[in-house]
Every structure is written in C-alpha cells, then in structure tokens.
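Student: Okay, here's the prediction I keep looking at, along with the sequence it came from:
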Amino acid sequence: MLWEKEVEICTRAGVMQGFAAAPADGAPAPAIIFYMDAPGYREELRNMARRIAKAGYFCILPDMYYRMGTLRFNLLQRNEDMTRVIFAAMDHLSNAMVVEDTSCILSWLDGQGLAKAGPVGCVGHCMSGRYITTVAAKFPTRIKAAGSLYGVGIITDHADSPHLLLPEIQAELYYAFAEVDQHVPENIIPDLKDALAKTKIKYSVEVYKNTQHGFCFPERSAYAPEAAEATWARLFEMWERQLKQPDK
C-alpha cells in the first residue's frame, strides 16, 4: 500500500505541480527527487515514482514545465509537430532554473512529515541527466546519491556545463547510457569518465548493450526490460548505501 497525492510546491516563479508517493506505514522515508524527461509530466512517470515509493522512499515528481502553464503530451499520438513542441519545452529550461526550483523542492520536503530529514537522492532521465549533475553540485551537503539515465547535456561548451561542477559534488553518482543514442555524441562518455576520474567522487558509468535512448520506459518501442531492470537495481543499491545505511 502507498500514500500518494497530487501536490503544489511554491517557487519563486509560481506554483509547481507535482506527484508525491511514499510508503503507507506512516514512517518517514528518505526522499528522492525524480526529474522528468523531455516528454514531461505523465502517468508513466507517476508509475515509476510509485515503484520508488514501494522500495521505501518518499518520491516527489515535479512538473518542471510549470513556467509554461500546463503541458501534457499524448505520446501515443506523437508526430513531428508534437516533437517540435516537446523540444521547445525542454529548451526553455536552464540549469539555473532547475537549481532555483530544487531549492524550493528541498524546502518543501523539509515540511513533509513522511519525508525523512537528512540526505536526499535524485534521478533524472534524458534531459535531466544534466540537472541531477548540477543540483548534486549546488546542494552538496543535501544530495548524496544521484542517477542519470541516458542523460544529455552533461558536457557542453557552455560556461554552465554540468561537468565543470563535478569537483564540488559529494554525492555518489550513477550514469547509465544506451549503446545507440543519437542525442549523446561519441565523445561524451569517455570525456565524462575522464572528468570523473579526476575527482574523489564515488561513481559508476555503464553503457548497456543493444539499447537505445529511452530504454527504461515500458511504453516506448526502445524499451529493453533486462537493461531497464539493471538500472533500477543500480539505483536502489546506491540509494540504499547512501540514504539508508548511514542509520545502521
């Protein structure tokens, strides 16, 4: 059994909707922030948030597109026009916006009785690989375990490229990539490994064979069950180490 609720989080830019799920036993659970992928807030992600909650966590899934109003995409009807809108929504976000929103999410979590005080974990798919990296650096004493699944934008030629912040991170990091991903240039994985190796971070970088971008999503043609379950296992193992074991 789970406790779950549609919630509102006050931010500097307005009210951000979100979905929260937690174990129904009433005991405070470690918090996980679930940063969405480009197609946005939807039931598919709520189901993944529920899975995280069933594993013993308080999961908050924020609607990161709230500044643009209420955007909901029916991916079963996806075509070129919808894809252009999805990419426009994705591109309106910035690292600075997500850092600002994360500050508000953390404050909101502090007011939730079902969310345990202390270390927080996070996970981001697709566009949010850059964001889990950025927020882990900007909130180093709070975020202790961050996962990126086929993340994009982690290394760029911009001044705010997330990889430049790696030395500031204290969290354990997990990066999972698809073997074939048109959104991740060939240099990114080796360059990321090199950058991580220069830090003191505990990290893992994995490339899953015979997979494509989005392989964790059951409702997509790219879904690869074996690889998807492996990433779930890695995430739960990391969160167990960093968010639960310190209590023992």
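Tutor: Sure, I can see it. Only a predicted model underlies this, so the values are computations on that prediction, with no experimental measurement involved. Numbers count the residues shown, from 1 in each chain.

Student: Tell me the spacing between A96 and L196.
Tutor: With distances defined as Cβ to Cβ, to the nearest Å, the gap from A96 to L196 amounts to 23 Å. Heads up, the C-betas are built off the backbone N, CA and C, glycines and all.

Student: So the two - more neighbours on which side?
Tutor: Set A96 next to L196 and count neighbours by other Cβ atoms under 10 Å: L196 wins out with 18 against 11.

Student: measure the residue lying closest to C216 once chain neighbours are set aside to R67 for me?
Tutor: The shortest distance from C216 to any non-neighbouring residue, by Cβ to Cβ, 6 or more residues apart in numbering, is to A228 (4.4 Å). Spatial separation of A228 from R67 under the definition Cβ to Cβ is 30 Å.

Student: and these two? which has more neighbours close in?
Tutor: The neighbour comparison of A228 against R67 (other Cβ under 10 Å) goes to A228, with 20 against 15.

Student: I figured the more buried one was touching Q212, is that so?
Tutor: No - counting by Cβ atoms under 8 Å, no contact exists between A228 and Q212, whose distance comes to 11.8 Å.

Student: On the three-state scheme, the residue nearest to C216 is what?
Tutor: Taken by DSSP: H, G, I helix; E, B strand; the rest coil, the conformation at A228 corresponds to helix.

Student: Need the per-residue pLDDT for it.
Tutor: Residue-level confidence at A228 comes out at 98, pLDDT.

Student: what's near enough to touch it?
Tutor: Listed by Cβ atoms under 8 Å, 6 or more residues apart in numbering, the contact set of A228 reads F215, C216, P218.

Student: Which one of those is nearest to G18?
Tutor: Ranking these by separation from G18, with Cβ to Cβ as the measure, puts C216 on top at 20.4 Å.

Student: Helix, strand, or coil at that closest one?
Tutor: Criterion first, three-state DSSP; result for C216: coil.

Student: need the contact list for it.
Tutor: Remark: with contacts taken as Cβ under 8 Å, 6+ apart, C216 is in contact with H125, L149, Y150, Y223, A227, A228, T231, W232.
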